[in-house]
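Asker: Here's a sequence, model it:
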Amino acid sequence: MAEEARNKQVVFRDFVTGFPKESDMILRTGTIRLKVPEGSKAVLVKNLYLSCDPYMRSRMAKIDGPYYVTSFVPGSPIVGFGVAKVLDSGHPDFKEGDLVWGMTGWEEFTLISEPETLFKIKYTDIPLSYYTGILASGAVGQLVGQFAKLMGCYVVGSAGSSDKVELLKSKFGFNDAFNYKEEPDLNKALTRHFPEGIDIYFENVGGYMLDAVLLNMRLHGRIAACGMISQYNLEKPEGVHNLFCLITKRIRMEGFLVFDYYHLYPQFLDVTRQYIKEGKIVYVEDSVDGLESAPAALIGLFTGKNVGKQVVVISRE
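Answerer: Now for the predicted structure:
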């Protein structure tokens with residue numbers, strides 16, 4: 001008979017409206033069989049690092065109709081990106097001892113029934129936790145500006161505290177940055193920083209910021225839309241009033257999801273890994289230890305508690 005082990009889990013309580021709370025997640029301990037069912041192509045992993053990402057708020061709501069992700073299942077573990085070690089495998093592409101990243105459960109051990117969503121980790125000369133962030137998912141704000149700088153752009157960032165503004169300028173090398181919470185008029189703030197207008201805007205905020213950006217875009221400007229974090233906890237999203245600028249300024253605005261670009265991952269990995277080793281990209285993590293710390297870490301994303309990429313450390317093995 002296969003060995004059974006204790007399996008601590010963070011379980012989703014029920015669908016959420018408004019701002020999520022730590023109590024929307026429950027810490028539970030069960031058991032798991034440390035063996036893949038006979039004849040199955042599943043993979044059993046021991047989770048090492050878990051990623052906290054803003055899009056996970058969407059999965060806490062009851063999603064009706066087509067969407068790019070599905071709702072979390074009440075009474076089941078939270079699901080998200082993570083780094084793990086393979087303990088047993090029925091799939092020919094994975095073997096015991098392999099390190100992988102991909103979708104896993106917020107628990108100590110996960111039986112992954114669709115291992116095609118996993119990526120095998122080839123390089124261990126950089127911290128494994130980086131595969132929850134810079135090398136896979138998340139930490140978008142601190143990275144997009146650095147990539148833009150490497151491509152020769154003039155980069156201005158916005159953040160919610162003076163400390164973060166200073167970090168953008170001194171550590172990440174942005175040309176300038178401002179605290180949006182201290183700006184009574186975002187339109188004037190953007191005009192001040194971009195007197196000739198904005199060529200490219202990386203959209204991860206939405207709401208009033210997007211409205212102000214539209215007024216400040218240049219002719220034939222481009223907006224890459226990746227997220228709209230300011231809207232995730234609102235029961236009714238804020239309206240955007242300046243969309244006519246898309247027409248008058250001939251702006252191209254397009255949404256992007258990482259799933260559409262997985263085929264480019266090997267190329268991205270090689271380039272970004274080299275940037276890290278050469279010190280051309282700086283990466284900052286906020287890490288907490290243990291599954292019991294995971295709910296507070298996730299909720300903290302929406303109040304700006306984290307400075308870098310938020311990671312939950314389950315095990316450093």
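Asker: all strands in the stretch 101-250 of the chain, in order from the N-terminus.
Answerer: Ranges of strands within the stretch 101-250 of the chain are 109-112, 119-120, 156-159, 176-179, 198-203, 217-225, based on DSSP state E, counting those that start in this stretch.
Asker: What residues sit buried inside the fifth one?
Answerer: Under the neighbour-count criterion of 16 or more other CB atoms under 10 Å, strand 198-203 has 198, 201-203 buried. In this view, the C-beta of every residue, glycine as well, is placed from N, C-alpha and C.
Asker: Go through these and say which is closest to Ser23.
Answerer: Checking the buried residues of strand 198-203 against Ser23 with CB to CB, the nearest one is Glu203 at 31.6 Å.
Asker: Just the closest of the buried residues of strand 198-203 to Lys149, please.
Answerer: Lowest distance from Lys149 to those (CB to CB) belongs to Phe202, with 12.5 Å.
Asker: possible to save the strands of the stretch 101-250 of the chain as JSON lines with mean pLDDT and distance to Tyr261?
Answerer: Shown next, in JSON lines, are the strands of the stretch 101-250 of the chain (pLDDT from 0 to 100; distance: least, CB to CB, whole Å):
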{"stretch": "strand 109-112", "mean pLDDT": "98", "distance to Tyr261": "22"}
{"stretch": "strand 119-120", "mean pLDDT": "96", "distance to Tyr261": "13"}
{"stretch": "strand 156-159", "mean pLDDT": "94", "distance to Tyr261": "23"}
{"stretch": "strand 176-179", "mean pLDDT": "96", "distance to Tyr261": "27"}
{"stretch": "strand 198-203", "mean pLDDT": "98", "distance to Tyr261": "15"}
{"stretch": "strand 217-225", "mean pLDDT": "98", "distance to Tyr261": "12"}
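Asker: which one of the ones you listed is the most hemmed in?
Answerer: strand 109-112 (a mean of 23; mean count of other CB atoms under 10 Å).
Asker: now for that one, which elements pack on it?
Answerer: Other helices and strands packing on strand 109-112, by 3 or more CB pairs under 8 Å, 6 or more residues apart in numbering; DSSP states H and E, are strand 43-51, strand 99-105.
Asker: Name every strand pairing with the last one and say which way it goes.
Answerer: Each strand paired with strand 99-105, and its direction, by DSSP bridges: strand 79-89 (antiparallel), strand 119-120 (antiparallel).
Asker: these two touch, right, Ile126 and Lys277?
Answerer: Yes. Judged on CB atoms under 8 Å, Ile126 makes contact with Lys277 at a distance of 7.5 Å.
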